[in-house]
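S.K.: Below is the sequence, then the predicted model.
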Amino acid sequence: GENVEQHPSTLSVQEGDSAVIKCTYSDSASNYFPWYKQELGKGPQLIIDIRSNVGEKKDQRIAVTLNKTAKHFSLHITETQPEDSAVYFCAASRSSNYQLIWGAGTKLIIKP
Amino acid sequence: DTAVSQTPKYLVTQMGNDKSIKCEQNLGHDTMYWYKQDSKKFLKIMFSYNNKELIINETVPNRFSPKSPDKAHLNLHINSLELGDSAVYFCASGGATNEKLFFGSGTQLSVL
């Protein structure tokens, strides 16, 4: 069946540095790719998403890139801050059923 | 106002008991979900309801029974609780395309 692989499982970066989380999807019909952030004790929250007709999308310090040929997409966080510490999930879906296939999550640790 | 609210936040109970978790959304969404998050943070969809009708029912023991009295509510009833049911359960709701999900803050279930 369809799956989404996410790497790394844990990422530790120095405050102020950049962080990159990568996901690979198997279903070539996938056309929607969201990223969710889950802070401790809370539910996941959508932070950015991208559709297959776009290669890159930015929102302040976060950006997502998509390579449809290679079937992978990445989350980039620049100038990391302590509040960026959380678990990040990627997901993929196709417009025919809108069912999200989730990555396993990446725990991002920002070191002061 | 909280968009997706679920109660209780914490639930500690003995094996063999029956318990319920309630969820309500005030976003006017047609679709609601239950997800299970295990200790490794993996998110697994359990059920999806669209306008009070079940549309996704993943491989979940029939001890788990969702109930949707109206499209703003989706409750989860669990019979004969087992140790392996210990996890965090998240309710979520989705808009017209169900792509962007809004999650509740989770219910941490501990079965002793």
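M.R.: In hand now; what should we look at?

S.K.: ok and the residue in chain B nearest chain A?
M.R.: Residue nearest to chain A within chain B: B:Phe103 (3.0 Å; CB to the nearest CB). The way it works is simple: take the backbone N, C-alpha and C, and place the C-beta from them, glycine included.

S.K.: What is the burial count for that residue?
M.R.: By the criterion of other CB atoms under 10 Å in any protein chain shown, B:Phe103 has 22 neighbours.

S.K.: for B:Gln14, same thing?
M.R.: Applying other CB under 10 Å, we find 8 other residues in the vicinity of B:Gln14.

S.K.: Now do the same contact list for B:Ile56.
M.R.: A:Gln99, B:Tyr33, B:Ile45, B:Phe47, B:Ser48 (CB atoms under 8 Å, 6 or more residues apart in numbering or on different chains).

S.K.: can you tell me which two in these are farthest apart?
M.R.: Farthest apart among these by CB to CB are A:Gln99 and B:Phe47. That separation is 12.4 Å.

S.K.: ok, these two, which is more surrounded?
M.R.: Counted by other CB under 10 Å, A:Gln99 and B:Phe47 do not tie: B:Phe47 has more neighbours, with 21 against 16.

S.K.: beta partners for that one?
M.R.: B:Phe47 has these beta-bridge partners by DSSP bridges: B:Trp34, B:Asn57.

S.K.: I'd like to know how far it sits from A:Ser96.
M.R.: B:Phe47 sits 20 Å away from A:Ser96, going by CB to CB, to the nearest Å.

S.K.: And for A:His72?
M.R.: For A:His72, the distance to A:Ser96 (CB to CB) stands at 21 Å.

S.K.: How about B:Glu82?
M.R.: Applying CB to CB, the value for B:Glu82 to A:Ser96 is 36 Å.

S.K.: So for these two, which residue has more residues nearby?
M.R.: Neighbour count, other CB under 10 Å: between B:Glu82 and A:Ser96, B:Glu82 has more, with 12 against 8.

S.K.: Am I right that the more buried one is in contact with B:Asn17?
M.R.: No: applying CB atoms under 8 Å, one finds B:Glu82 not in contact with B:Asn17, separated by 10.3 Å.

S.K.: what do those two both touch?
M.R.: By CB under 8 Å, 6+ apart, no residue touches both B:Glu82 and B:Asn17.

S.K.: Can you pull out the low-pLDDT segments for chain B?
M.R.: Scanning chain B for pLDDT under 70 picks out the ranges B:1, B:96, B:98.

S.K.: how about the residues of it near chain A?
M.R.: B:4, B:40-43, B:45, B:48, B:56, B:90, B:92, B:94, B:97-106 (CB under 8 Å from any CB of the partner chain).

S.K.: Recalculate using a threshold of 6 Å.
M.R.: B:Lys41, B:Phe42, B:Leu43, B:Phe90, B:Thr97, B:Asn98, B:Glu99, B:Lys100, B:Phe103, B:Gly104, B:Ser105, B:Gly106 (CB under 6 Å from any CB of the partner chain).
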